[in-house]
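Enquirer: Just need the structure, nothing else, for what follows:
(chains A and B)
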Amino acid sequence: MTAFLRRRLILATSLFAALSLVISGCGSSDDSASGGNCDAYESYGNYEGVEVEIYSSIRSPEAEIYQESFTEFEECTGITINWNGTAEFEAQLPVRVEGGTAPDLAVFPQPGLLKAMVATGKMFPATDDVSAAADEYYGADWKAYGTVDGTFYAAPLGANVKSFVWYSPKTFADNGWSIPTTWAELLALSDTVAAGGKVQPWCVGFGSGDATGWVGTDWMEDLMLRVNDASTYDAWVNHTIPFNDAKVAAVLKEAGKILKNPKYVGNVPAIATTTFQEGGKGLVDGSCAMHRQASFIGGILAADYGATIVTPDDTTTEGGITTFYFPGVTADQRPALGGGEFVGSFSDRPEVASVQLYLTSPEWNNKKAALGGWFSANKGLDVANVADPVNKNAVEILKNATTFRFDGSDAMPAAVGAGSFWKEMTAWVAENKSDKAVLDSIEKSWPKS
Amino acid sequence: MARKLRKRDVEVVKTHLSSPWASFTAIVIATLWTIPTFGLFVTSFRPSTGINSSGWWTVFTNPEFTFTNYTRVLFEGRGATPPLSQYFLNTFAIVIPSTIIPITIAIFAAYAIAWFNFKGRNFLFFTIFALQVIPLQMSLIPLLQLFSGGLHIGSFTVIPSFGITGTFIPIWLAHTMFGLPLAIFLLHNFIAQLPRELIEAARVDGADHFKLFRQIILPLSVPAIASFAIFQFLWTWNDLLVALTFGGGKREIAPLMVRLAEMTGTRGGDWELLTAGAFVSILVPVAVFFALQRYFVRGLLAGSVKG
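Expert: Modelled structure (predicted):
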């Protein structure tokens, strides 16, 4: 018995050793630097066998594209970049920071989390080099979002733009509709489409599981920048004006002109139960004309509903979809609503700063954009490198934007931005709740401090 | 008297449970509960365009099957992300020690608490028992701090930092810690019920504690050990939180569940892969369950009052 047990134990141990050998073997990668011109990377320094972890919510398949964009940098500087994407980023980052196993760099999808992480005292301000690069390549609005209490922490990475109306160029061409350039023209076009009787002017879907209603908050934010101005937008987000202020009510009234008009959207209460993915489906089969949604919806419509992303000139492709700019009240008012990621550092190691600096460089931004499906607000980004027509449009919008503002509900307290605002927007369409009742109950839910 | 009554109760329950109506109800419930899983199973063999356009039940009228989901999940890595088969190794490297370590400690502890006479024995046992109420989530951050930085009171180092973060060791230790209270409780209840005569006879024959433990306690406790081993195995296999937290987010040591959780893309694309991934990941637990089913039931009863 004992001998048997001991033999088994030995077997188990050796099996273990073998297993761990296999595992460690899989983990290591040979770093045989090869050819290529490394002159461009000289300023980032030369290292040997160091690794920088970038922790992020961006995962497969986008993560592989990031990894690919780092190859040359890795070979030339000797820094191995480990892109670590996880669905639990926002929950796990505080745990890792508190637990003392913070990543080197974290990609913040919204400024609120950055603020919270800076408050832990574990973050390092961006180096002077990174700060100078951010000044050079990004607009002041962007740099301000990476700044907490006057200290610049996180440099912008990718961007996304929400101020889009999706449409099918073919449907528009077949019916002789033209792209509106002002809010009044947009409403006039909606009337024209509705009068035609065959096509529903708008497709809207608010449904998104626990987050149902966020589409409605996006409408509000986009219109807030148009009906009012950027400073009112900031006051609204920071709650220096109440949520039921007359200026906010004016915005909701404008939104209601489309969202609560059965002639435009069909069955209004059904908006709440239509998922946001499904919302744009009608564009593909031509049952509706317009759909206001961020840049990412194109990928979903293409993958799940057989849409093709085309250029606005392509008026022949069946199921081809593209975007026009969600117009301002006047044609020369061009605010942009969107979002982006920011790279903040939890380490003062020089190689970490090198990676952070590289990510702000036009070289990397162009390289990454050329790999597809991505763009940033980097001023050095050449539009020619952005292949996708929608992203091209997005880069143009960002470049021409009179102001840029981040998704406002993300910056509001969670009780509102991820709670009552969503719920009340849903009730607004689903239960036909009045504008006043909606705004009053959101105002009431704002945490008092 | 009490014993007889209980026997009659058992008879009553038995006749009730084996009536045709009871069987019928059981079958209906089992079918209802299995339908979603079955739907998922069917879905995992459908092409992604089909999944997105129609429900799984349409396969009966319009059969359309493919192994694409499985081959993509199992053998296709994406860039730096290895295929799922790679994560199997990691899961085994986590699950096997995380099952063996707590059982080893628990069986010694259970024996000592059950058969050693020492002061504060009951208090110790109840303390361990009570530890079960501590939610795992509460201790995640303190434990992680302990692993990464050690324990310091002022400038005095109680436990140094071992530099084990990013290895399997913190995951093993965490699973061990969270598993121990229940393990000790279950094994104690089993070992304490071994016949006293047997142990006393061995003592009279000159067996010391080690011999007694090795030659009597251990062989007799195999059913209890096996049943707890199944529990612990299934828990650690299905665990996401502990591996995610104590793995430090390292891909080299991430188990199957961590990979499964991020299998869908950043915006929820490619979710058809999840269906195949889910079935791949339950293969081993299902095999273990069927192989050791009788111990499993006994494990559920372990610690409850014996008739």
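Enquirer: Give me the most central residue, chain B.
Expert: B:W235 (2.3 Å; Cα atoms, centre = their mean).
Enquirer: Would you mind listing the residues in contact with that one?
Expert: Shown in contact with B:W235 (Cβ atoms under 8 Å, 6 or more residues apart in numbering or on different chains): B:H175, B:G179. Placement of C-beta: from N, CA and C, glycine included.
Enquirer: Relative to the whole chain's centre, how far out is the helix or strand hosting it?
Expert: If you go by DSSP states H and E, B:W235 is part of helix B:222-238. Here helix B:222-238 shows a centroid-to-chain-centroid distance of 6 Å under the convention Cα atoms, centre = their mean, to the nearest Å.
Enquirer: if I look at the residue nearest to the centre of chain B, how far off is B:G179?
Expert: Distance, B:W235 to B:G179, using Cβ to Cβ, to the nearest Å: 7 Å.
Enquirer: Which parts of chain B are strands?
Expert: Taking DSSP state E, the strands of chain B run over residues B:151-153, B:156-159.
Enquirer: Show the average pLDDT along the helix holding B:W235.
Expert: Averaging pLDDT along helix B:222-238 gives 89.
Enquirer: Give me the buried positions along it.
Expert: Under the neighbour-count criterion of 16 or more other Cβ atoms under 10 Å in any protein chain shown, helix B:222-238 has B:224-237 buried.
Enquirer: dump the residue contacts of A:V284.
Expert: A:S168, A:L301, A:Y305, A:G306, A:A307, A:G319, A:I321.
Enquirer: Now do the same for the last one: helix, strand or coil?
Expert: When the structure is reduced to helix, strand and coil (DSSP: H, G, I helix; E, B strand; the rest coil), A:I321 reads as strand.
Enquirer: Over to A:W166?
Expert: Going by three-state DSSP: A:W166 is strand.
Enquirer: Can you give the domain ranges for the chain?
Expert: Picking chain A for this. What automatic domain parsing lists as the domains of chain A is A:53-78+A:90-161+A:338-405, A:164-336+A:407-445.
Enquirer: My question was about chain B, not that one.
Expert: B:1-66, B:81-301.
Enquirer: Of all those, which one is nearest A:P413?
Expert: A:P413 lies closest to domain B:81-301 among the domains of chain B, at 23.2 Å (Cβ to Cβ).
Enquirer: Sketch out the low-pLDDT regions of chain A for me.
Expert: A:1-36, A:449 (pLDDT under 70).
Enquirer: and what of chain B?
Expert: B:1-7, B:10, B:13, B:17, B:52, B:77-81, B:264-269, B:298-307.
Enquirer: What's the separation between B:I29 and chain A?
Expert: Distance from B:I29 to chain A, counting by Cβ to the nearest Cβ, to the nearest Å: 28 Å.
Enquirer: tell me the helices in the stretch 151-300 of chain A, going along the chain?
Expert: Counting by DSSP state H, counting those that start in this stretch, the stretch 151-300 of chain A has these helices, from start to end: A:169-175, A:183-196, A:214-227, A:230-237, A:246-259, A:262-265, A:270-273, A:276-279, A:281-285, A:297-305.
Enquirer: longest strand of chain A?
Expert: Chain A, longest strand under DSSP E: strand A:335-345.
Enquirer: Need the residues that contact whatever helix or strand comes next after that strand.
Expert: In the C-terminal direction, the helix or strand that comes right after strand A:335-345 (DSSP H and E) is helix A:350-360. Contacts with helix A:350-360, where a contact means Cβ under 8 Å, 6+ apart, come from A:44-45, A:47, A:50, A:52, A:54, A:73, A:77, A:79, A:81, A:104-105, A:126-127, A:129-130, A:133-134, A:137-138, A:155-157, A:343, A:345, A:364, A:378.
Enquirer: if you look at the residues you listed, which of them are in strands?
Expert: Short answer: those in strands (DSSP E) are A:V50, A:V52, A:I54, A:I79, A:I81, A:L105, A:A155, A:P156, A:L157, A:V343, A:S345.
Enquirer: how about the nearest residue to the one residue in the stretch 101-250 of chain B that gets nearest to chain A, chain neighbours excluded?
Expert: Relative to chain A, the nearest point of the stretch 101-250 of chain B is B:L144 (2.8 Å; Cβ to the nearest Cβ). Spatial nearest neighbour of B:L144, chain neighbours left out: A:G99 (2.8 Å); criterion: Cβ to Cβ, 6 or more residues apart in numbering or on different chains.
Enquirer: how many other residues sit next to that neighbour?
Expert: A:G99: 24 surrounding residues under other Cβ atoms under 10 Å in any protein chain shown.
Enquirer: Please report how far it lies from B:L140.
Expert: 7 Å.
Enquirer: Overlap of the contact sets of these two?
Expert: In terms of Cβ under 8 Å, 6+ apart, A:G99 and B:L140 are both contacted by the residues B:T245.
Enquirer: so which two of the ones in strands among the contacts of helix A:350-360 are the farthest from each other?
Expert: A:V50 and A:P156 (24.6 Å).
Enquirer: Those two: who's more crowded?
Expert: Taking other Cβ under 10 Å, A:V50 and A:P156 do not tie; A:P156 has more neighbours (24 against 16).
Enquirer: And the residue of the stretch 201-350 of chain A closest to chain B?
Expert: Counting by Cβ to the nearest Cβ, the stretch 201-350 of chain A gets nearest chain B through A:D304, at 4.6 Å.
Enquirer: quick one: contacts for residue 103?
Expert: Picking chain A for this. Going by Cβ under 8 Å, 6+ apart, the list of residues near A:P103 reads A:E53, A:I54, A:Y55, A:N84, A:L93, A:R96, A:F346, B:G249.
Enquirer: think we crossed wires, I meant chain B
Expert: B:I103 touches B:A183, B:L187, B:I225, B:F228, B:A229, B:Q232, counting by Cβ under 8 Å, 6+ apart.
Enquirer: gap between it and A:R96?
Expert: For B:I103, the distance to A:R96 - Cβ to Cβ - is 30 Å.
Enquirer: Ok, A:A255 next?
Expert: 40 Å.
Enquirer: between the two, who's got more neighbours?
Expert: A:R96 (24 against 20).
Enquirer: measure the more buried one to A:E88 for me?
Expert: From A:R96 to A:E88 the distance is 10 Å (Cβ to Cβ).
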